[in-house]
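Undergrad: Quick one, structure for this:
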Amino acid sequence: MSVWDRVRRKPSLLTVACGAATPAQRVFNRWKIHLQTLKCPECGSTRIVKDGLRWLQNGLSIQRFLCKNCGFRFSLNSSKNAENLRNKLYKIMVDAHEEKNLLMEAEQKIEKRDAGATAKQQDVQAKIFEAAWELKKLGYSDATIRLFNSALRTLHYRGANLFDPESVKEVIARQKWSDSRRANVIKSYDLFAKHYGITWVKPKLPRPIRKIPPYLPTEAEIDALIAASPKKLAAFLQLLKETAMRSGEAIRLKWTDVDFEKQIITLNEPEKGSEPRIWKVSSKLIGMLNLLPRKSLRVFGNGPINSLKTTYLKVRKRLAHKLQNPKLLQVSFHTLRHWRATMEYHRTRDIMHVKSFLGHKEVRNTEIYITLERKIFGDETSDQFHFATAKTMEEAGKLIELGFEYVCHHKGIMLFRKRK
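TA: Predicted coordinates for the structure are as follows:
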């Protein structure tokens, strides 16, 4: 195949992607440049065009040229600069051949590198999957396993060698993560290291601080969010409002956990090691749940919670703009748990009742709602209750019949209270 035939062929995909011409096309372009610099040996004009080939006795051919200025025909061997031009053309052909070889080598290296990277990535993903499956067999929850996979993939994609603890610590140190995210990634890699017998010194975990929610909505604002939501999301928000469930607990609620006649909801699969709970709910919530389709064992379907979150974010943004209330943008699913716990403590002033209502195992996790209640309502203790005392069981029984509730025992005297 001659140079001119190769010019007419289509460029390769790599050539098109790189935006470059083929080697033969570059030869043709350079030949055109040299043709433009060729001069007529008679008149010196540069208006030269090709005029066929002159065949020699040995079977070779020589390009003939025509001067459009004076009409003189000549070939390379009759031109004074023919030898120089022939040498230049030969050099161009050699350069084009070398460029073609370099291009082929580059393509081979890229293919080899991509194949190696793909194999390495598949190997790492297989190791992560193996460790995640071990966690599944050990009884870890699906949410924990999803977090484990996400954390390890993030470390790998950001350049960490999962089998080199120092590389992992360098990547973690460079990230601008929140304290909780950093702690989750460190814990996830610690599980991975234990599975494969990797010894490492964990980075110092930030001290967990239980932060006070920056904003608690009013009941009217929560009701506005529920009213603006579609049917499924509205029932979900009403459930969080009345029971203070975590969103992960609510999304796994089953139809068998709801007693529609007695209006009772039972939670037997709590998160974070909490205690099982049971609530008496309103007829409004029971009616909203009754309107939902029963296509699966779970009340809110088998899908992930992310779809509900996406819908909620759109509803919240639209309502905040409509009411010109940017504080609504701070109301998350978990905010409703904080709101309900604060209202329960304000209603009863009984921290142990709130602890049981939320399913906490330790009362210190519940004490934050005392601070929240005082922040919102102030110190109104003396104005909220009637107080009474009893020295004998008969007096205590009469107070209980009158609606008083027992508070504590102090120096042989029983203290009772009743909300005004």
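Undergrad: neighbours of Glu105, just the number please.
TA: By the criterion of other C-beta atoms under 10 Å, Glu105 has 10 neighbours. In this view, the C-beta of every residue, glycine as well, is placed from N, C-alpha and C.
Undergrad: so how far is Glu98 from it?
TA: Here the criterion is C-beta to C-beta, to the nearest Å. By it, Glu105 lies 11 Å from Glu98.
Undergrad: Over to Lys280?
TA: 86 Å.
Undergrad: same thing with Leu240?
TA: For Leu240 relative to Glu98 (C-beta to C-beta), the value is 71 Å.
Undergrad: higher neighbour count, these two?
TA: Neighbour totals were compared for Leu240 and Glu98, and Leu240 leads with 23 against 11 (other C-beta under 10 Å).
Undergrad: Check the secondary structure at that one for me.
TA: Using DSSP: H, G, I helix; E, B strand; the rest coil, the structure places Leu240 in helix.
Undergrad: so what's it scoring on pLDDT?
TA: Leu240 is assigned 96 on the pLDDT scale.
Undergrad: So it is in contact with His338, correct?
TA: No. Judged on C-beta atoms under 8 Å, Leu240 makes no contact with His338 at a distance of 10.6 Å.
Undergrad: now the strands for this structure?
TA: All strands of the chain, identified by DSSP state E, fall at 48-55, 61-67, 73-75, 258-259, 264-267, 277-280, 385-390, 405-410, 413-419.
Undergrad: for these, which one sits closest to Ser188?
TA: Closest of these to Ser188 is strand 264-267, at 27.1 Å (criterion: C-beta to C-beta).
Undergrad: what distance separates that closest one from the middle of the whole chain?
TA: Centre-to-centre, strand 264-267 and its host chain are 33 Å apart (C-alpha atoms, centre = their mean, to the nearest Å).
Undergrad: before we move on, the earlier item: okay, the strands of the chain, which one's buried deepest?
TA: Across those, averaging neighbours per residue (mean count of other C-beta atoms under 10 Å) puts strand 264-267 on top, at a mean of 18.
Undergrad: same for that one, what does it pack against?
TA: The contact analysis (3 or more C-beta pairs under 8 Å, 6 or more residues apart in numbering; DSSP states H and E) places strand 264-267 against helix 231-243, strand 258-259, strand 277-280.
Undergrad: In TSV, list the strands of the chain along with distance to Tyr345 and mean pLDDT.
TA: What follows is the strands of the chain, written out as TSV (distance: least, C-beta to C-beta, whole Å; pLDDT from 0 to 100):
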stretch	distance to Tyr345	mean pLDDT
strand 48-55	97	82
strand 61-67	99	82
strand 73-75	105	80
strand 258-259	26	95
strand 264-267	20	95
strand 277-280	16	94
strand 385-390	13	80
strand 405-410	15	78
strand 413-419	13	79
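Undergrad: which stretch among those comes nearest Thr218?
TA: Nearest of the strands of the chain (C-beta to C-beta): strand 413-419, 21.0 Å.
Undergrad: and Lys50, what does it touch?
TA: If a contact means C-beta atoms under 8 Å, 6 or more residues apart in numbering, then Lys50 has 35, 63-66 as its contacts.
Undergrad: ok so, going back, how about a markdown table for the strands of the chain, with distance to Tyr369 added?
TA: Converted to a markdown table, the strands of the chain look like this (distance: least, C-beta to C-beta, whole Å):
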| stretch | distance to Tyr369 |
| --- | --- |
| strand 48-55 | 93 |
| strand 61-67 | 95 |
| strand 73-75 | 101 |
| strand 258-259 | 27 |
| strand 264-267 | 19 |
| strand 277-280 | 16 |
| strand 385-390 | 18 |
| strand 405-410 | 18 |
| strand 413-419 | 18 |
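Undergrad: so which of those gets nearest His156?
TA: Nearest of the strands of the chain (C-beta to C-beta): strand 264-267, 36.8 Å.
Undergrad: List of residues touching that closest one?
TA: 239, 243, 245, 249, 253, 257-259, 276-281, 359.
Undergrad: Spatially, which two of the residues you listed are the most separated?
TA: Distance extremes for the contacts of strand 264-267: the farthest pair is Asp259 and Gly359 at 19.0 Å, using C-beta to C-beta.
Undergrad: coming back round to it: ok, the contacts of strand 264-267 vs Thr144, which is closest?
TA: Minimum distance to Thr144 across the contacts of strand 264-267 is 14.7 Å, recorded for Glu249 (C-beta to C-beta).
Undergrad: so what's the residue nearest to the closest one when sequence neighbours are not counted up against?
TA: Nearest non-adjacent residue to Glu249, counting by C-beta to C-beta, 6 or more residues apart in numbering: Glu271, 5.4 Å away. Glu271 makes contacts with 141, 143, 246, 248-249, as judged by C-beta under 8 Å, 6+ apart.
Undergrad: If any of the residues you listed are buried, give me the ChimeraX selection for them.
TA: In ChimeraX syntax, the buried subset of those is picked out as below (16 or more other C-beta atoms under 10 Å):
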select :246,248,249
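Undergrad: where's the residue nearest to Glu249 relative to Asp142, distance?
TA: Taking C-beta to C-beta, one finds Glu271 at 11 Å from Asp142.
Undergrad: Over to Gln63?
TA: 76 Å.
Undergrad: Now do the end-to-end distance for stretch 278-294.
TA: One end of stretch 278-294 sits 22 Å from the other (C-alpha to C-alpha, to the nearest Å).
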